[in-house]
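Trainee: have a look at this fold, sequence not included:
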């Protein structure tokens, strides 16, 4: 049975923890709003990019004119897996959910006899994956110093991917990140980024307009220019989604922590009060029985 | 009076411009071109340069863009720029940094096609620097 003093100390320490988690929750909420705004601001670009890609890919067709990055190497032997996670923990199951998703995929590939190379974006993913696949990790990028995710970060990642691709280091590249659906739900997602898959053109009225386009310089040259950009945009989008998801996850994790701390304080206060009451009663009994003995 | 059309300038980070204008000059990779309403549907890549928009009131607005492409329709024109910034906000240091990284890319290019591309990009940047920063 802890003494009164012990209980008092514990209540004080849980209260201090609750203050911290509460503050972290509010910081995460503010950051989440900013991250959501950034993700929304980036949306028009990626949407237009997708529709232009769809148009132009249809015009060029899957023929020999398509750039190397779209046709792929024709092989399926070496896979590059990019795992994008957060830089910091304390955000519930956010990082481990992405890592688990990626791990399942990597195990499958390894079981199928493929060569796997891993690129870790974000510190936490590296921490989790290096336990099992330390020898497969060829590159790790951290954005710890980055305050605001900008396109430059996506270009950095994309630049490394293209350099590896040009050097013939891999055939297929898959990106793992977490799609932000709402504050309480982030879905780990897998997306193949190389070879580039042209988005499907929307069925219907558009088909007539496609043929009428003029291209300057020409369709395949534009597509060659466009495909790497599209990869960059996809990476950028993934990074933004991740930031928003991380903040959402952190917010709900910290909300839970705050609530748990509150419950704990209630319980501790209850037993503190009970014990205090018991002690008072005991002292009274001693006084009264002492008086009666006289 | 010239007809107006919708012009949008989009960079990966945000939508910079979205409004009705009467004409826009786009720095296409094969030369500058002016787009007005009812232009034939065209898709063009752009080089680093200046996009000049002219509104119905004759007011001009200029943006510096670094590569990207333009999607032109009879009633709309969308420029998707890798990065874009208003001329007034441009910073000499920023262009210098870009030129420095382009120079590095030329040196580090692994094969001819890459090197040629990098060199072209560097040339375009230097031209741009000359155009907006009268030294």
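Mentor: Received the coordinates, thanks. Nothing here was measured: the structure is a model prediction, and the numbers come from that model.
Trainee: tell me the residue of the stretch 51-200 of chain A that sits nearest chain B?
Mentor: Closest contact between the stretch 51-200 of chain A and chain B, by C-beta to the nearest C-beta, is at residue A:151 (4.4 Å). Using the backbone N, CA and C atoms, a C-beta is placed for each residue, glycine as well.
Trainee: and the helix or strand hosting residue A:31, what's its mean pLDDT?
Mentor: Per DSSP states H and E, residue A:31 falls inside helix A:4-60. Average pLDDT, helix A:4-60: 88.
Trainee: that helix - contacts with which helices or strands?
Mentor: When contacts are defined as 3 or more C-beta pairs under 8 Å, 6 or more residues apart in numbering or on different chains; DSSP states H and E, helix A:4-60 sits against helix A:206-212, helix A:219-293, strand B:5-10, strand B:15-21, strand B:42-46, strand B:68-73, strand B:76-81.
Trainee: weakest of the ones you listed by average pLDDT?
Mentor: Among those, helix A:206-212 scores lowest, with a mean of 50.
Trainee: following element in sequence after the helix holding residue A:31, please.
Mentor: Past helix A:4-60, the next helix or strand by DSSP H and E is helix A:68-71.
Trainee: mind listing what's buried in that following helix?
Mentor: A:69, A:70 (16 or more other C-beta atoms under 10 Å in any protein chain shown).
Trainee: ok, back up a step: go ahead and confirm the residue of the stretch 51-200 of chain A closest to chain B touches residue B:10.
Mentor: No: Residue A:151 is not in contact with residue B:10 according to C-beta atoms under 8 Å; the separation is 11.9 Å.
Trainee: and the two? Which one has more around it.
Mentor: Remark: of residue A:151 and residue B:10, residue B:10 carries more neighbours, 25 against 21, as counted by other C-beta atoms under 10 Å in any protein chain shown.
Trainee: thinking again about what came up before, contact partners for the residue of the stretch 51-200 of chain A closest to chain B?
Mentor: Contact analysis of residue A:151 by C-beta atoms under 8 Å, 6 or more residues apart in numbering or on different chains lists A:232, A:236, B:11, B:12, B:13, B:82, B:83.
Trainee: how about the residues you listed in TSV, adding neighbour count?
Mentor: Formatted as TSV, these follow (neighbours: other C-beta atoms under 10 Å in any protein chain shown):
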residue	neighbour count
A:232	22
A:236	25
B:11	23
B:12	27
B:13	20
B:82	19
B:83	19
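Trainee: how about residue A:192, what does it touch?
Mentor: A:172, A:173, A:174, A:175.
Trainee: so what pairs up with it in the strands?
Mentor: For residue A:192, the beta-bridge partners are residue A:174 (DSSP bridges).
Trainee: number of residues surrounding residue B:98?
Mentor: 18.
Trainee: that one against residue B:82, yeah?
Mentor: No: checked against C-beta under 8 Å, the pair residue B:98 and residue B:82 is beyond contact range at 10.8 Å.
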